[in-house]
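Student: based on what follows, work out the 3D shape:
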Amino acid sequence: MASYGSLAAVSPLKSADSRALARWIRPAIGAHPWPSTIKGTALDRFNRDASPVELTLVEPLVVEVPADAAWSGQSFRHALRFRRVRPELDPANVEVPVRLPIPESGPR
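Tutor: So this is what the prediction gives:
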């Protein structure tokens, strides 16, 4: 199986973006590179008491997001926004830019 790097929950989607993305989402088949549960703080880093969050696992998909270079610890300081699906790209062939300090320690 190809390595897809670390899962990082970054921002909730707006309703219109959710609808645009929905037609591309497919249920996960077989083993999946991401966990089925993440820490609640992955979605709300300011709430230490947040309960774990169950994820709906789907087949990996490449999406385009505009982001600025501002970082706070190991996360983007400002919310990322969904721009569009990139179905012509294979997730296994997408590389994280070297200047982004995304840890290789696994899903968070």
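Student: strands of this structure, start to end?
Tutor: With strands called from DSSP state E, the chain shows them at 37-38, 53-54, 63-64, 71-72, 75-76, 84-85.
Student: would you mind finding the most buried of these?
Tutor: strand 75-76 (a mean of 16; mean count of other C-beta atoms under 10 Å). For the C-beta atoms, the positions are set from N, CA and C on the backbone; glycine is no exception.
Student: got the domain boundaries for this structure?
Tutor: 9-24+61-96, 26-59 (automatic domain parsing).
Student: coming back round to it: mind checking which of the strands of the chain is nearest residue 22?
Tutor: Closest to residue 22 of these, according to C-beta to C-beta: strand 84-85, at 10.3 Å.
Student: which other helices and strands contact that closest one?
Tutor: Counting contacts by 3 or more C-beta pairs under 8 Å, 6 or more residues apart in numbering; DSSP states H and E, strand 84-85 is packed against helix 15-22, strand 63-64.
Student: repeat that for 7 Å
Tutor: Helices and strands touching strand 84-85, by 3 or more C-beta pairs under 7 Å, 6 or more residues apart in numbering; DSSP states H and E: there are none.
Student: which residues touch it?
Tutor: Strand 84-85 is contacted from outside by 21, 24, 61, 63, 64, using C-beta atoms under 7 Å, 6 or more residues apart in numbering.
Student: make it 6 Å
Tutor: The contact list for strand 84-85 (C-beta atoms under 6 Å, 6 or more residues apart in numbering) reads 24, 63, 64.
Student: can I get the residues you listed in TSV including pLDDT?
Tutor: Below are those laid out as TSV (pLDDT from 0 to 100):
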residue	pLDDT
24	94
63	89
64	88
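Student: tabulate the residues you listed (TSV), appending distance to residue 76.
Tutor: Shown next, in TSV, are the contacts of strand 84-85 (distance: C-beta to C-beta, whole Å):
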residue	distance to residue 76
24	23
63	15
64	15
